[in-house]
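Participant: Need coordinates for the below:
(one chain, ligands or ions: 2)
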Amino acid sequence: MSTILLAGGAGYIGSHTAVELLNAGYEVVVVDNYSNSSPEAIRRVEKITGKTVKLYELDIKDNAKLFEVFKENRIDAVIHFAGLKAVGESVQKPIMYYRNNIDTTLSLLETMSEYGVNNIIFSSSASVYGENNPVPYTETMKRGVCTNPYGWTKSMMEQIFEDAAKADENLSVILLRYFNPIGAHESGIIGEDPQGIPNNLMPYVSQVAVGKRECLTIFGNDYPTHDGTCTRDYIHVVDLAKGHVKAIDYILSHNCVEIINLGTGTPYSVTEIVSTFERVNGIKVKHVYGPRRAGDLAELYANADKAAEILGWRAEKNLEDMCRDSWNWQKNNPNGYNQ
Ligand code: NAD
Ligand code: WQD
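Facilitator: Numbering: from 1, shown residues only. Ligands and ions are numbered 1, 2, ... in the order given. Next up, the predicted model:
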């Protein structure tokens, strides 16, 4: 059975992907420095699946330590989740973002090359489409002008992977461009555990619902959308995780360089998220309308056809599932992994 190394695998998307890979029969090795996560997430992955995960605490920028992991394990493919991801913080601390996100990528590619590992899947983002591409975003569009350093790190890393694959015909790469992952495993045992004040909509909504935050501010209601609030392509994190299993199946049997969107193709507005959350969970989410947030685009969603054609994958869960599972995780774990 193939062994998959999850770089940054203790995080939100990595932990859900670990569950789906283990359920599909893969062996999983996780490497993480817990800069935005906890080893408790992996203990819970083991609880859900009844299987064990080999876990290493280290900074992926540290080549020497990463070499040891590849020496100890026969790795068939890598999924690279490790990165800093807070858009606002990336504007305040661009050097930290470029250093961490790009160095982890270089470190992984160097180590893979040293140990003859030829398959890597990368967590990219819809943010690489930039400001000027029209929706729905299609993989054939050129990468655009990003609105913040976080987005630029993703754009630059895509370029690095493409150049590396051009120079080494044995290297296979799949760049997965995620849209807006929300939700949690249906057990409510693992989920998103942001540190401090959440930057993203769904954790903010859940924390207002559970009483940790007073009130949600909806950033702008004067956008040219059907109800004036921004629309996004929200995707259930378990669907997203299953997309990674399909991508692993594919990369292990094809020599390829592919860019693939992972979204549903259906946009929902901020107001629709709040009202669906309230209805499905029978709980009020106090909210007010405030000014627009700098850098937000009015509308953003995927053309999701390529994932269906190449990977045989489409998202299966709907917005109600996303809202129910987000709340199930939040109400059972009001303090996340810090019990
Ligand atoms: P996350 O912060 O929960 O997970 C990232 C993990 O990487 C964390 O466990 C963190 O501790 C680890 N990490 C960071 N730097 C590291 C380093 N130098 N060495 C070792 N470990 C390190 O984030 P997530 O939501 O699970 O996102 C996973 C990936 O997907 C990220 O690269 C993110 O940019 C990308 N992405 C996320 C979203 C989203 O909305 N969540 C959307 C698009 C793309
Ligand atoms: C969603 C909508 C906000 C919070 C970001 C990154 C993107 C990717 C996903 C990592 C927007 C509105 C939010 C709040 C609000 N991440 N909102 N009140 O900005 O679409 O995407 O996360 O790769 O690269 O840019 O996600 O969850 O922050 O916002 O009204 O308190 O919710 O204005 O319309 P976004 P988000």
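
Participant: quick one: residue 98 and residue 161, what's the gap?
Facilitator: 16 Å (C-beta to C-beta, to the nearest Å). Bear in mind the C-beta positions are built from the backbone N, C-alpha and C, glycine included.

Participant: more crowded one of these two?
Facilitator: residue 161 (23 against 17; other C-beta atoms under 10 Å).

Participant: quick one, phi/psi of the more buried one?
Facilitator: phi -60, psi -40 (degrees, to the nearest 10).

Participant: Show me what from this structure comes close to ligand 2.
Facilitator: Within the chain, the residues that sit near ligand 2 (C-beta under 6 Å from any ligand atom) are 85, 87, 125, 127, 180, 199-201, 204, 216-219, 230, 232, 270, 293, 296.

Participant: and these, which are buried?
Facilitator: Buried by 16 or more other C-beta atoms under 10 Å: 85, 87, 125, 127, 180, 200-201, 204, 216, 218-219, 230, 232, 270, out of these.

Participant: Sitting in strands, which of these do you find?
Facilitator: 125, 180, 216, 218-219, 232 (DSSP state E).

Participant: distance between the helix or strand hosting residue 207 and the chain's centre?
Facilitator: Here residue 207, judged by DSSP states H and E, is contained in helix 201-209. Offset of helix 201-209 from its chain centre (C-alpha atoms, centre = their mean, to the nearest Å): 18 Å.

Participant: Tell me how many other residues crowd the residue nearest to residue 142 when sequence neighbours are not counted.
Facilitator: In space, and not counting its chain neighbours, residue 142 is closest to residue 133: 7.7 Å by C-beta to C-beta, 6 or more residues apart in numbering. When neighbours are defined as other C-beta under 10 Å, residue 133 has 18 of them.

Participant: Make residue 1 into 157 and carry on from there
Facilitator: Sure, I'll start numbering at 157, so the last one becomes residue 289.

Participant: Just want the residue of the stretch 357-495 of the chain that's nearest ligand 1.
Facilitator: Closest residue of the stretch 357-495 of the chain to ligand 1, C-beta to the nearest ligand atom: residue 393 (8.2 Å).

Participant: contacting residues around that residue?
Facilitator: Residues in contact with residue 393 (C-beta atoms under 8 Å, 6 or more residues apart in numbering) are 168-169, 172, 337-341, 348.

Participant: From those residues, pick the one nearest residue 412.
Facilitator: Of all the contacts of residue 393, residue 412 sits closest to residue 169, with 21.5 Å by C-beta to C-beta.

Participant: Phi, psi for residue 162 please.
Facilitator: Main-chain dihedrals, residue 162, degrees, to the nearest 10: phi -100, psi 110.

Participant: Name the SS class of the residue nearest to residue 298, please.
Facilitator: Taking DSSP: H, G, I helix; E, B strand; the rest coil as the rule, one finds residue 289 in the coil state.

Participant: Enumerate the residues of the stretch 307-456 of the chain near ligand 1.
Facilitator: Of all the residues in the stretch 307-456 of the chain, those lying near ligand 1 are 334, 336-337, going by C-beta under 6 Å from any ligand atom.

Participant: Closest to ligand 1 out of the residues you listed?
Facilitator: residue 334 (3.7 Å).

Participant: Give me the neighbour count for the closest one.
Facilitator: Going by other C-beta under 10 Å, the residues that sit close to residue 334 add up to 21.

Participant: ok, now how distant is it from residue 212?
Facilitator: Computed as C-beta to C-beta, the residue 334 to residue 212 distance reads 24 Å.

Participant: what does residue 487 give?
Facilitator: 32 Å.

Participant: Please apply the same query to residue 166.
Facilitator: Using C-beta to C-beta, residue 166 is found at 10 Å from residue 212.

Participant: now do residue 246
Facilitator: 26 Å.

Participant: Residue 484 now?
Facilitator: Between residue 484 and residue 212 the distance is 30 Å, computed by C-beta to C-beta.

Participant: Residue 441 now?
Facilitator: Applying C-beta to C-beta to residue 441 and residue 212 gives a distance of 39 Å.

Participant: Same check on residue 193?
Facilitator: From residue 193 to residue 212 the distance is 13 Å (C-beta to C-beta).

Participant: Grab the most central residue of the protein for me.
Facilitator: residue 169 (4.9 Å; C-alpha atoms, centre = their mean).

Participant: Please point out which parts of the helix or strand containing it sit buried.
Facilitator: Per DSSP H and E, residue 169 falls inside helix 168-179. Neighbour counts over helix 168-179 (16+ other C-beta under 10 Å) mark 168-178 as buried.

Participant: And stretch 282-290, by the same measure?
Facilitator: In stretch 282-290, counting by 16+ other C-beta under 10 Å, buried: 282-286, 289.

Participant: Could you see whether ligand 1 lies near stretch 209-227?
Facilitator: Yes: contact between stretch 209-227 and ligand 1, assessed by C-beta under 6 Å from any ligand atom, occurs at 215-217.
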